[in-house]
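Asks: Whatever this is, show me its structure:
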Amino acid sequence: MKAMSSAVPIFELSKIVVQYGNHRAVDGLNLSLQKGESLGLLGANGAGKTSTLKALLGMHSPKEGVVRVFGGSTGTPAVLKRLGFAPEESLPPERFSGREYLEFVASYRIADRTRRKEECATLLEELDLAPHKRVSAYSKGMKRRLVLAQALVGSPEFLVLDEPLNGLDPLIIVKLRQRLERYLQNGGSMLYSSHILAEVEKTCRRIVILRRGELVYEGTTAETISKFGSVEAAFEATAGTPA
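Replies: You can find the predicted model right below:
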């Protein structure tokens, strides 16, 4: 008899319903991520992507269903310590310098002080961030890059990126993609929500598409390209118009 895999999924959403008043933003969604996978979460505006992320991260309790992260409850300090999250709308605290803020976040993930400083310095350089400048003096694009840096530092087990390319110039996009490729090659797991479909095609090995809070397509990127020609074509064929 073939032995069953005992691997615990990075996360598992079981028939979750997220509701605001009478509006169901997510309706009976089943979704999971295995260790080492990269999953692109796609959908038009209003499809339920942000609500799904909020339920996953413990920011909004679903009305129905079960959310598990690393096999346990979501939103706990133990879980949050093992993941890196870059929300679409976020501003780092402005009283710190870029280096101070990044090293503060890194202190929760990297015990060795020397390695912590080295990794922070590397990330700041890769993302073209002035280490000693106060965050209050950063441009909007620099603040966005710092939010990405705090999610990436220490290579957390699970990375959640919500519209990570907003406000990034082409060179930084290439550097971010390279960083994510190394992260995945080293065994990291990632959920990547974006409207930049071509970048999702390059970055993620599997995609799901939501429409009106329901999953309407799921497949590997290779399968999707074989069937539709591109992730963009698959999106056009399945996403439809949000309610």
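
Asks: hmm, which helix or strand of this structure has the shakiest average pLDDT?
Replies: None of the helices or strands of the chain scores lower by mean pLDDT, DSSP states H and E than helix 77-80, at a mean of 89.

Asks: which other residues reach that one?
Replies: 58, 69-70, 72-73 (Cβ atoms under 8 Å, 6 or more residues apart in numbering). C-betas here are computed from N, CA, C, even on glycine.

Asks: next structured bit after it?
Replies: strand 83-86 (DSSP states H and E).

Asks: which helices and strands sit right next to that following strand?
Replies: helix 140-152, strand 158-162 (3 or more Cβ pairs under 8 Å, 6 or more residues apart in numbering; DSSP states H and E).

Asks: Apply 10 Å and report the result again.
Replies: helix 49-56, helix 140-152, strand 158-162, strand 189-193 (3 or more Cβ pairs under 10 Å, 6 or more residues apart in numbering; DSSP states H and E).

Asks: want to try a markdown table for those, with mean pLDDT as columns?
Replies: Formatted as a markdown table, the helices and strands packed on strand 83-86 follow (pLDDT from 0 to 100):
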| stretch | mean pLDDT |
| --- | --- |
| helix 49-56 | 94 |
| helix 140-152 | 95 |
| strand 158-162 | 97 |
| strand 189-193 | 97 |
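
Asks: Nearest to Leu176 among the ones you listed would be which one?
Replies: helix 140-152 (6.7 Å; Cβ to Cβ).

Asks: What residues of that closest one count as buried?
Replies: Residues 142-152 are the ones in helix 140-152 that count as buried (16 or more other Cβ atoms under 10 Å).

Asks: cool, stretch 180-191 as well?
Replies: 180, 183-184, 188-191.

Asks: Which parts of this protein are strands?
Replies: With DSSP state E, the ranges of strands along the chain come out as 11-20, 23-33, 38-43, 64-69, 83-86, 158-162, 189-193, 206-211, 214-220.

Asks: and the last one, which strands flank it?
Replies: Strand 214-220 has its sheet partners listed here by DSSP bridges as strand 206-211 (antiparallel).

Asks: How far does the strand it pairs with sit from its chain's centre?
Replies: 14 Å (Cα atoms, centre = their mean, to the nearest Å).

Asks: what comes up buried for that strand?
Replies: 206-211.

Asks: Looking at those residues, spot the one nearest Phe11.
Replies: Of all the buried residues of strand 206-211, Val208 has the smallest distance to Phe11: 12.7 Å, by Cβ to Cβ.

Asks: show me the contacts for the closest one.
Replies: 29, 31, 39-43, 49, 52, 191, 215-219 (Cβ atoms under 10 Å, 6 or more residues apart in numbering).

Asks: Neighbour-wise, which one of the contacts of helix 77-80 leads?
Replies: The residue in those with the most neighbours, by other Cβ atoms under 10 Å, is Val69 (25 neighbours).

Asks: That one is in contact with Lys81, isn't it?
Replies: No. When contacts are counted by Cβ atoms under 10 Å, Val69 is not listed as touching Lys81 (11.6 Å).

Asks: pLDDT weak spots in this structure?
Replies: 1-6, 241-243 (pLDDT under 70).

Asks: So what's the residue count around the closest residue to Leu13 other than its chain neighbours?
Replies: The shortest distance from Leu13 to any non-neighbouring residue, by Cβ to Cβ, 6 or more residues apart in numbering, is to Leu31 (4.5 Å). For Leu31, the number of neighbouring residues by other Cβ under 10 Å comes to 20.

Asks: Tell me the spacing between Leu31 and Met142.
Replies: 33 Å (Cβ to Cβ, to the nearest Å).

Asks: How about Val8?
Replies: 38 Å.

Asks: what does Glu199 give?
Replies: Counting by Cβ to Cβ, the gap from Glu199 to Met142 is 20 Å.

Asks: And for Ser194?
Replies: 20 Å.
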